[in-house]
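Engineer: Sequence below, structure please.
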Amino acid sequence: MILGIAIAGVILYGYPGLVSYDSVDQLAQARRWQLGDWHPPAMSALWRAVELLVGGTFGMLVLQTTALVLGTYALVRDQVSPRAASATALAIAWFPPILTVTGVIWSDPQMVGYLLVGIAALLSPRPRVRLLGLFAFVLASALRYNALAATFAPIVLLWGREQPRVVRRYALAVGVWIAVTAASLGLNAALVNEHQHPFARSAAPMDISGIVHFAPPISDEDLKQTLVGVPLHVDHDLQKTIAAAYEPRGSFIYFEHPRPLAEPATPTEFAAVAVAWRKLITAYPLAYAKHRLTVFQLVIQARARIAVPALTQTFAYVGTPELDHELGLAGEPSIVQRGWFWWVRHCGAIWYGPLAYLVVSLVLLGFVRGNRAAFVVLGSSLGYELTILLLAPAADYRYSHYLLLATLIALVLVIAKRARRAT
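Structural biologist: Sure thing, here's the model as predicted:
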């Protein structure tokens with residue numbers, strides 16, 4: 001009953017499924033079966049399959065909400081009573097910083113739901129259930145390119161734990177992780193029928209701009225040799241001009257206006273951007289580290305006042321009316337949703353800061369001895385967050401969704417186990 005209420009509450013908040021540009025783009029690809037690699041195509045393929053049963057966004061909303069709630073319940077069930085586990089799942093699912101992401105049809109909440117289900121399955125003593133957990137990990141890894149870092153800790157720490165020899169056990173577990181990762185990458189590679197060069201058009205230009213910004217003085221001659229083939233709007237004072245236009249919030253903001261670095265558009269330019277990116281990282285590793293740290297600080301809101309993230313509350317993609325008409329997502333929020341939206345906005349910004357959850361996660365690592373589930377959840381989320389430090393193409397709040405959720409679950413597991421020991 002409580003689990004049903006938890007799922008229903010999230011669905012009422014997001015009904016029929018809130019969307020952003022990414023959401024609509026993936027649904028459009030699913031319906032037209034033109035799968036690019038800007039987003040993992042597995043998301044569009046999954047959406048196409050779900051639409052065989054339920055059209056539009058509602059089916060995906062139910063899927064990701066159910067996975068999150070049931071995964072949370074299954075993880076805490078071993079430490080607390082069924083009723084307490086259900087109440088925990090409800091409280092976490094309805095917690096505003098979690099709700100803001102779960103209500104939107106993105107690959108992030110889809111991935112997180114399957115990660116939780118997969119971890120809970122691997123904790124089971126039943127072999128068949130553990131195999132289902134691997135299937136959940138394949139799906140989770142296929143939905144986010146960097147999810148391989150989130151599956152590493154659960155598989156290595158939980159798979160093959162019945163093996164008596166430690167070396168053999170971990171060798172087997174690492175092999176299984178490689179197989180899961182290869183399966184997810186192979187699935188996406190098989191689905192792609194349109195290469196969009198996301199790295200050369202998003203993360204690489206932002207990194208190039210950041211390295212030039214933080215690098216020591218570079219002459220125009222040297223910088224031109226490094227950036228040969230890269231499309232530029234300037235031909236002198238390159239470092240000064242590129243550094244002045246530095247935008248760590250993301251390439252989508254950078255390219256909104258004319259910039260010194262133009263967005264590459266041809267195969268030759270894509271290749272040139274990749275070559276320049278490698279050369280600059282090799283020549284100025286410290287500048288690259290400063291740039292990546294700057295982006296990461298924006299992601300976890302360490303460089304600015306904590307604020308409620310921009311909420312995705314629209315049901316219509318107004319940027320392209322004809323696409324909106326084709327997808328049929330237009331609608332007005334219900335009275336219930338308006339109440340939810342008000343609560344999410346006014347519960348207090350302090351709850352949204354990812355930095356606080358990162359600190360709590362690191363502190364909790366000192367209290368998880370003998371608590372396998374808590375340790376695995378924290379290891380998985382921290383591994384995933386590390387990839388954001390290295391690879392994030394933008395300062396996006398949803399990238400830390402897994403960190404927030406895993407921290408809350410681990411906190412409950414640690415408190416519950418200590419309470420059981422005390423009694």
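Engineer: Nearest residue to Arg83 in space, please, no chain neighbours.
Structural biologist: What sits nearest to Arg83 in space, not counting adjacent residues and going by C-beta to C-beta, 6 or more residues apart in numbering, is Ile2, at 7.1 Å. The C-beta positions use only the backbone N, C-alpha and C, and glycine is treated the same way.
Engineer: distance of that neighbour from Ala74?
Structural biologist: From Ile2 across to Ala74, the span is 14 Å (C-beta to C-beta, to the nearest Å).
Engineer: got the contact list for the residue nearest to Arg83?
Structural biologist: Counting by C-beta atoms under 8 Å, 6 or more residues apart in numbering, Ile2 makes contact with 83, 86-87, 89-90.
Engineer: let's see it at 6 Å
Structural biologist: The neighbours of Ile2, taking C-beta atoms under 6 Å, 6 or more residues apart in numbering as the test, are 86-87, 90.
Engineer: Which of the residues you listed fall in helices?
Structural biologist: In this view, the contacts of Ile2 that belong to helices under DSSP state H are 86-87, 90.
Engineer: Walk me through the domains of the chain.
Structural biologist: Domain assignment for the chain by automatic domain parsing gives 2-194+313-355, 198-299.
Engineer: could these be laid out in TSV, adding distance to Phe375?
Structural biologist: What follows is those, written out as TSV (distance: least, C-beta to C-beta, whole Å):
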stretch	distance to Phe375
domain 2-194+313-355	7
domain 198-299	24
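Engineer: Of those, which is nearest Gly383?
Structural biologist: Nearest of these to Gly383, taken as C-beta to C-beta: domain 2-194+313-355 at 4.3 Å.
Engineer: can you pull out the helices in the stretch 251-400 of the chain?
Structural biologist: Assigned by DSSP state H, counting those that start in this stretch, the helices in the stretch 251-400 of the chain fall at 251-254, 267-283, 285-299, 321-327, 335-346, 354-364, 372-391.
Engineer: and the first one, which residues are buried?
Structural biologist: So that's helix 251-254. Buried residues in helix 251-254, defined by neighbour count with 16 or more other C-beta atoms under 10 Å: 251, 254.
Engineer: pLDDT weak spots in the stretch 201-350 of the chain?
Structural biologist: Flagging of the stretch 201-350 of the chain using pLDDT under 70 yields the residue ranges 311-332.
Engineer: now what about stretch 353-364, what contacts it?
Structural biologist: If you take C-beta under 6 Å, 6+ apart as the criterion, stretch 353-364 is touched by 300-302, 306, 378, 382, 400, 403-404, 407, 410, 414.
Engineer: Specify which member of those is nearest to Asp37.
Structural biologist: Distances from Asp37 to the contacts of stretch 353-364, taken by C-beta to C-beta, are shortest for Ser400, at 23.8 Å.
Engineer: Look at the closest one and report its pLDDT.
Structural biologist: Ser400 carries a pLDDT value of 92.
Engineer: count of neighbours near it?
Structural biologist: Applying other C-beta atoms under 10 Å, we find 28 residues neighbouring Ser400.
Engineer: and if you look at Gly186?
Structural biologist: By other C-beta under 10 Å, the residues close to Gly186 number 12.
Engineer: With Leu12 instead?
Structural biologist: For Leu12, the count of nearby residues is 14 (other C-beta under 10 Å).
Engineer: what about it, which helix or strand?
Structural biologist: Using DSSP states H and E, Leu12 sits in helix 2-14.
Engineer: Buried residues, the helix or strand just after that helix. List them.
Structural biologist: Note on helix 2-14: by DSSP H and E, the next helix or strand toward the C-terminus is helix 21-32. Using 16+ other C-beta under 10 Å as the test for burial, helix 21-32 gives 22-30.
Engineer: ok, the residue lying closest to Trp343 once chain neighbours are set aside to Val24 distance?
Structural biologist: Leaving aside its sequence neighbours, Trp343 sits nearest to Pro96 (C-beta to C-beta, 6+ apart; 6.8 Å). Between Pro96 and Val24 the distance is 24 Å, computed by C-beta to C-beta.
Engineer: same question, Trp38
Structural biologist: As judged by C-beta to C-beta, Trp38 and Val24 stand 13 Å apart.
Engineer: Can you tell me which of the contacts of Ile2 lies closest to Gln163?
Structural biologist: Nearest to Gln163 among the contacts of Ile2 is Ser86, at 34.4 Å by C-beta to C-beta.
Engineer: just checking, Leu90 touches Ala6?
Structural biologist: Yes: using C-beta atoms under 6 Å, Leu90 is in contact with Ala6, at 3.8 Å.
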